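Trainee: Show me the folded form of this:
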Amino acid sequence: MNELFIKAGGVYNILLVIFHLMFWKLFDWEKDLRSLRFLNRAIIQVLNISLTLVFVIFAYLSLWHTQELLSTRLGNHLIFLISLFWLARAIQQPVFFKLQHWGSWGFMVFFLVGSAIYFIPFIGVYQ
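Mentor: Purely as a prediction, here's the structure:
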């Protein structure tokens, strides 16, 4: 069962890779980012690309190194840290985006699900 959660985490992260690669079109960044100073425009795009790479790494580890994540001390720590990453992202949702729109609530729940996907196998390893 723990393997299934980790594999689901891999798919979860691939979905976020696709979503983040679509930011330029979805949020009309070509137009909207023009209003920012060069440095801020560059920072936003570099952060998005770097974050996308983090999701690729999470997906790769989850899909191709599932057993190592579940059976080694380093792997156990990694799945805990990935869970913590998604929990922190869920907490940031109401802080920065507020919860005044259903979409914001949806994203918060989505990120809590991401945290649970990795936390459940983490606690399962120690039972």
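
Trainee: Going by contacts, tell me the helices and strands next to the longest helix seen in the chain.
Mentor: Secondary structure of the chain per DSSP state H: the longest helix is helix 38-64. With contacts defined as 3 or more Cβ pairs under 8 Å, 6 or more residues apart in numbering; DSSP states H and E, helix 38-64 has these neighbours: helix 2-21. Glycine gets a C-beta too; all of them are placed from N, C-alpha and C.

Trainee: From the chain's centroid, how far away is the helix it packs on?
Mentor: 8 Å (Cα atoms, centre = their mean, to the nearest Å).

Trainee: Equivalent analysis for stretch 99-114, please.
Mentor: 13 Å.

Trainee: Repeat that for stretch 61-77.
Mentor: Worked out by Cα atoms, centre = their mean, stretch 61-77 lies 17 Å from the chain centre.

Trainee: what do you get for stretch 112-127?
Mentor: Worked out by Cα atoms, centre = their mean, stretch 112-127 lies 15 Å from the chain centre.

Trainee: just the CA coordinates of that stretch, formatted as CSV?
Mentor: Backbone C-alpha positions of stretch 112-127 (Å, rounded to 0.1, in the frame of the first residue of the first chain) are rendered in CSV as follows:
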residue,chain,number,x,y,z
LEU,A,112,-2.7,19.0,1.8
VAL,A,113,-3.4,15.9,-0.3
GLY,A,114,0.1,16.1,-1.6
SER,A,115,1.4,16.2,2.0
ALA,A,116,-0.8,13.3,3.0
ILE,A,117,0.3,11.2,-0.1
TYR,A,118,3.9,11.2,1.3
PHE,A,119,3.1,11.4,5.1
ILE,A,120,1.0,8.2,5.1
PRO,A,121,3.8,6.0,3.8
PHE,A,122,6.2,7.8,6.1
ILE,A,123,4.2,6.8,9.2
GLY,A,124,3.5,3.4,7.7
VAL,A,125,7.2,2.6,7.6
TYR,A,126,7.3,3.0,11.4
GLN,A,127,4.3,0.8,12.3
